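Participant: Take this sequence and fold it.
(chains A and B)
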Amino acid sequence: MTVKTRFAPSPTGYLHIGGARTALFAWAYARRHGGKFVLRIEDTDVERSTPEAVQAILDGMTWLGLAHDEGPYYQMQRMYRYKEVIGQMLAAGSAYHCYMSREELDALRAAQEARKEKPRYDGSWRPEPGKTLPVPPSGVQPVVRFRNPVDGVVAWDDQVKGRIEIGNAELDDFIIARADGTPTYNFCVVVDDWDMGITHVIRGDDHVNNTPRQINLLKALGAPVPLYGHLSMILGDDGTKLSKRHGAVSVMQYFEEGYLPEAVINYLARLGWSHGDAELFSREQFVQWFDLDHITPSAAQFNTEKLRWLNQQYIKAADNARLAELARPFLVRNNADPDNGPDLAAVVALVKERAATVVELADAATLFYRTLHPAPELLAQHVTPDVLPALADLAGRLEGIDWERGAISAAFKETLAAHGLKMPKLAMPVRVLVTGETQTPAIDATLALIGKEKVLARLKAAL
RNA sequence: GUCCCUAUCGUCUAGAGGCCUAGGACAACACCCUUUCACGGUGUGAACCGGGGUUCGAAUCCCCGUGGGGACGCCA
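Facilitator: As a prediction, the model looks like this:
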């Protein structure tokens, strides 16, 4: 049997971090077993589904590198199939028309809640042997309900949570087609998973309660029941449910904040899954290791600090030319022109050890492309009158050398020796004068990249 | 309210009855390295929710509490 998994988002918003992890796990499972990964867009909620959201989900998956082998399928394009199956179920008696109005239903639920009961449909229109059904009111479009078994339990061995059993007594006859004829979620999922030959349903655990209904439906249809694995939810940094408040709405936001997709993948993989003590591993390694047995059944809290650390590890290891291209737009945003100054890849090589994100990388690179004027208090603090002679001496020595790091370093050391100073005493004022900052890479390497002319001009301006 | 799931350092987690005086990682703190800031290195503090069982032995199995989460839609 070929493994087939699917990711089935509803296009009502962006691909958020929880959805991304679900997609990652479903993708990895298919890859791990040489199977297929299906993308299915569940757009039957016409009110809330948008083409923009579909695109956003596609973009997010692409950025993360989660390619699907089949699809995307769109449920709205499969209406003919759902209607066909509903017709069959009606004919077979496993589904029936229900004429209870919304108002009646609301009243029923309200009464049940008042009695502290679990709100559920009471089966008024459910056909039973020897039971006389009410007369269908005229002018009312009926919904179609599934005739759920009354007795027994539905059980499955959840691939992450273990065995789960739910009594049929807890379930009611849920609606599979609305009054306007459109099918509902639980029904479409079942028909799709069946038609598409899905073998492993890996999804969020908010679907645990839907699973028994879907299994009953599958059985009524004579369809095979796939294996289910329910992933617990991801909580925000503050331990509460993820929402817009946490700024983690869309995975693309991580792109905008300067995270590398491989870092996000690595982080997400470790959130709720583990392989011994392994923390830092490639996508390929992840696919080789991934299994359902080591998924944590409880909810996990998102930790931006750790994501940052991982991202930093990936930035340090990343190719300079690639990082340069990624940083370029952020440099431009900083009003720096990356084409007017030292080679960006060389700058990136120098600053990447002190950047946790591409944004920070660009920020650190900015001083190489823009004249930054030091704040007066920095000048007052570092460029004190007693270092002026040493600075003048240094400027003189720099003027006569070949402009490369080793020679610059030598000029510093000679100046230090001549004036009996320690490195920071001289390097800090130079740093402030030339870059406008107190935090830069090693001063000799920094000066080497900025260029002789600019360095000398800025130094002399202070003397 | 009913049903379902869940519970190890602040956080992510290792742990499948003895290998656990509970391991790793992020974060914190200290020290080292050092040309500022970082990086890197070394080290320290930090957890099995509570109570009952089962067992020679329980973080691991069972039960009951408690905390957290989810579901109970003509949403998905």
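Participant: who touches residue A:296 in this structure?
Facilitator: For residue A:296, the contact set (C-beta atoms under 8 Å, 6 or more residues apart in numbering) comprises A:232, A:272, A:273, A:274. Backbone N, C-alpha and C define where each C-beta goes, glycine included.
Participant: how close does it get to residue A:230?
Facilitator: 12 Å (C-beta to C-beta, to the nearest Å).
Participant: Residue A:219 reaches residue A:212, doesn't it?
Facilitator: No: Residue A:219 lies out of contact with residue A:212 (C-beta atoms under 8 Å); the separation is 10.6 Å.
Participant: Pick out whichever of those two has more residues nearby.
Facilitator: A count of neighbours by other C-beta atoms under 10 Å puts residue A:212 above the other of residue A:219 and residue A:212, at 22 against 14.
Participant: Is residue A:229 in a helix, a strand, or coil?
Facilitator: Assigned by DSSP: H, G, I helix; E, B strand; the rest coil, the conformation of residue A:229 is strand.
Participant: check contacts around it.
Facilitator: Applying C-beta under 8 Å, 6+ apart to residue A:229 gives the contacts A:158, A:159, A:160, A:200, A:201, A:202, A:203, A:292, A:295.
Participant: so which pair among the residues you listed is furthest apart in space?
Facilitator: Distance extremes for these: the farthest pair is A:201 and A:295 at 13.9 Å, using C-beta to C-beta.
Participant: Which one of the two is surrounded by more residues?
Facilitator: residue A:201 (22 against 19).
Participant: Quick check: that one touching residue A:224?
Facilitator: No: if you go by C-beta under 8 Å, residue A:201 and residue A:224 don't touch, sitting 12.0 Å apart.
Participant: Please point out which parts of stretch A:165-173 sit buried.
Facilitator: Neighbour counts over stretch A:165-173 (16 or more other C-beta atoms under 10 Å) mark A:166, A:168, A:171, A:172, A:173 as buried.
Participant: Mind checking which of the contacts of residue A:229 are in strands?
Facilitator: Among the contacts of residue A:229, the residues falling in strands (DSSP state E) are A:158, A:200, A:201, A:202, A:203.
Participant: List the contacts of the second one.
Facilitator: Taking C-beta under 8 Å, 6+ apart as the contact definition, residue A:200 lies against A:3, A:4, A:5, A:26, A:29, A:159, A:226, A:227, A:228, A:229.
Participant: Show me which positions of stretch A:150-168 end up buried.
Facilitator: Those would be A:154, A:156, A:158, A:159, A:160, A:161, A:164, A:166, A:168, for stretch A:150-168 by 16+ other C-beta under 10 Å.
Participant: Out of those, which is nearest to residue A:413?
Facilitator: residue A:160 (61.5 Å).
Participant: contacting residues for the closest one?
Facilitator: So residue A:160 contacts A:229, A:230, A:231, A:232, A:292, A:295, A:297 (C-beta under 8 Å, 6+ apart).
Participant: farthest-separated two in these?
Facilitator: Those two in the contacts of residue A:160 that are separated most widely, counting by C-beta to C-beta, are A:232 and A:292, at 13.1 Å.
Participant: tally of neighbours for the closest residue to residue A:335 other than its chain neighbours?
Facilitator: Spatial nearest neighbour of residue A:335, chain neighbours left out: residue A:370 (6.4 Å); criterion: C-beta to C-beta, 6 or more residues apart in numbering. Residue A:370: 15 surrounding residues under other C-beta under 10 Å.
Participant: All the strands of the stretch 151-300 of chain A, in order from the start?
Facilitator: A:153-158, A:162-167, A:175-177, A:200-204, A:227-231, A:234-235, A:300-301 (DSSP state E, counting those that start in this stretch).
Participant: Any chance of CSV for those strands, columns distance to residue A:255?
Facilitator: Compiled in CSV, the strands of the stretch 151-300 of chain A are given as follows (distance: least, C-beta to C-beta, whole Å):
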stretch, distance to residue A:255
strand A:153-158, 33
strand A:162-167, 37
strand A:175-177, 39
strand A:200-204, 23
strand A:227-231, 23
strand A:234-235, 18
strand A:300-301, 22
